Every structure is written in structure tokens, then in C-alpha cells.
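Trainee: pasting the sequence and the predicted coordinates here, then a few questions.
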Amino acid sequence: MRYMLLLIGDEDQWENLSEEQVGEVLQAYEGYSRQLTEAGAFVSGEGLQPSSTSTQLRLVDGERVLTDGPFAETKEQLGGFYVLDCKDLDEALDWAEKCPAAAAGGTIEVRPVMDYEEAGYEDPRDSAEASR
Amino acid sequence: MRFLLAVYDDERRWASVGEEEAKAEVGAYFALDDEARERGAFVESGGLHPTDSAKTVRVRDGEQSVTDGPFAETKEQLGGFYLLDCDSLDEALEWAAKIPAVRTGSVEVRQLMDYEAAGVSNTAAEEARSA
């Protein structure tokens, strides 16, 4: 059986951490990913960029309506997800528009996935995979 | 660049949808998966079981708590996810309790839909494409 584990926390807390502390947290994730890989339970895992980078897409009368920021309406629920590799946000939004849930009146939240190497950290998954 | 597309919809809608209609919609998802695969954009996707089967895990001062239902507090944000293959919900909850973020935030655990087990095959994608 596959399970999705959604990591939810106060993203503002990262601002109060020193670079060294951030490194320690990422190391803890690296160790966690290694345990998962060794146990054969790991399928995928990603960190997300802050919620301020989110864009929501909704179709109203077939027209695309975009809103900045994360999804907040409580009468709808998270029902599924996609991880896509796109050249830019526009391409990701084009895919979001094609999602059947958009035509059914739902909302697609589009968030860039963290690139830890670009941010100057070792990608926790790379070292977990290398240690396999 | 990689993007997460989080799909939000009113899950109660499915209760009023007929079997044929549900199969057609799932087929539309399979067709979208195939299109994204052909264009090289596809990394991963999944549908989730309804939120009444969700569990939310927290650890405070070393004590683990598991509550029924999805995460609802609005002052916290989704910061990442893991997709795991486990023997049971208990195993998934054990892994959830080991995530560093569980000590300050919450981890919501949701089972993924198994569409084949639910009787929907990939031929639904063919039907959606030819429709």
C-alpha cells in the first residue's frame, strides 16, 4: 500500500535558524531518507519552496483564473497530486489547466519543488541514494 | 524545474457521481498522465483516499499523538511530502513519527488510491482519449 505523508509546519520558523541549524535539519532528513531507502519503503519525497511562491489555478466558465499564495478554502480537500518537471511556471500552469479536477470546478495549487543544491545545500536524497 | 500540482476538489462530489462517470473521470487522469509522460514532464502522481481516512501525527516532548482527519490548522503550511510503500497504516504512522518536522509541525498521512484494485484499468485512458 502506498501512503502520502504531508509535512505541515510553520514555515516562518526557518527564518530564525542559522545556516548551521538549517544544515542540521537537512542532515536529519538525509538520515531519515536513508532509513526509508534501506527499509524499502521510499518511493519519493520532496521539499517545497515557501507557500508565497504558490499559484492557484481554477477554471471559471472555461477561463483560467490565477491566485497567488497557497490554497486556503476549507470546503475542498486535497484529493491528489502531480510532480512535474517543467521548463517554467507557465508550463506547469498549462498542465494544471488540463487536470480534470480543474474542469470539474476544483483548484490546482502549483508550487515549485525545492532545489537544495541550488540553495547551496547537499540534496538529502542524492546522498541517501549514493549510500544505497 | 520541478513543480508540485496539488489537486483540491470537493470530495463529496464523488458520492453523487455514477460509476460510468467516475470511470470516465479517472480515465481522463490516466490520459493526462500519459500525455505528460510523452512530453517528458511526468515525475509522479497519485490520487488520495477520502479525508475521513486521514490521520494527523504530531510529536511533542517525545510524546506521539495521532488524530483522525486531515490537517486543518491554517497558521501552518505544507512544506514537503513523502510517498511511501508500507505494509499497513501502522507502518506509515511509524515513519511519520520519525520525520524531523513532526516535532514542531504535523504530518498528515493519507493512503493512495489503487485504481486497479478499484476496478478501473488503463483502458479507461484509451476511452477518455477516443471520446
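Mentor: In hand now; what should we look at?

Trainee: which residues sit in contact with A:R58?
Mentor: A:64-65, A:67, A:102, A:105-108 (CB atoms under 8 Å, 6 or more residues apart in numbering or on different chains). In short, each C-beta sits where N, CA and C put it, glycine included.

Trainee: show the buried residues in those residues.
Mentor: For these, a neighbour count by 16 or more other CB atoms under 10 Å in any protein chain shown gives the buried set as A:102, A:106-108.

Trainee: and which of these is nearest to chain B?
Mentor: A:G106 (3.3 Å; CB to the nearest CB).

Trainee: if we can go back for a sec, show me the buried ones among the contacts of A:R58 that map onto helices.
Mentor: A:A102 (DSSP state H).

Trainee: restrict the buried ones among the contacts of A:R58 to those near chain B?
Mentor: Applying CB under 8 Å from any CB of the partner chain to the buried ones among the contacts of A:R58, one finds that A:106-108 fall near chain B.

Trainee: host element of B:E91?
Mentor: helix B:89-96 (DSSP states H and E).

Trainee: and stretch A:109-122, what's its mean pLDDT?
Mentor: For stretch A:109-122, mean pLDDT rounds to 79.

Trainee: list the buried residues of it.
Mentor: By 16+ other CB under 10 Å, the buried positions in stretch A:109-122 come out as A:109-114, A:116, A:121.

Trainee: next: stretch B:89-98.
Mentor: With burial defined by 16+ other CB under 10 Å, the residues of stretch B:89-98 counted as buried are B:91-93, B:95-97.

Trainee: for these, which one is nearest chain A?
Mentor: Using CB to the nearest CB, those come closest to chain A at B:A92, 3.9 Å.
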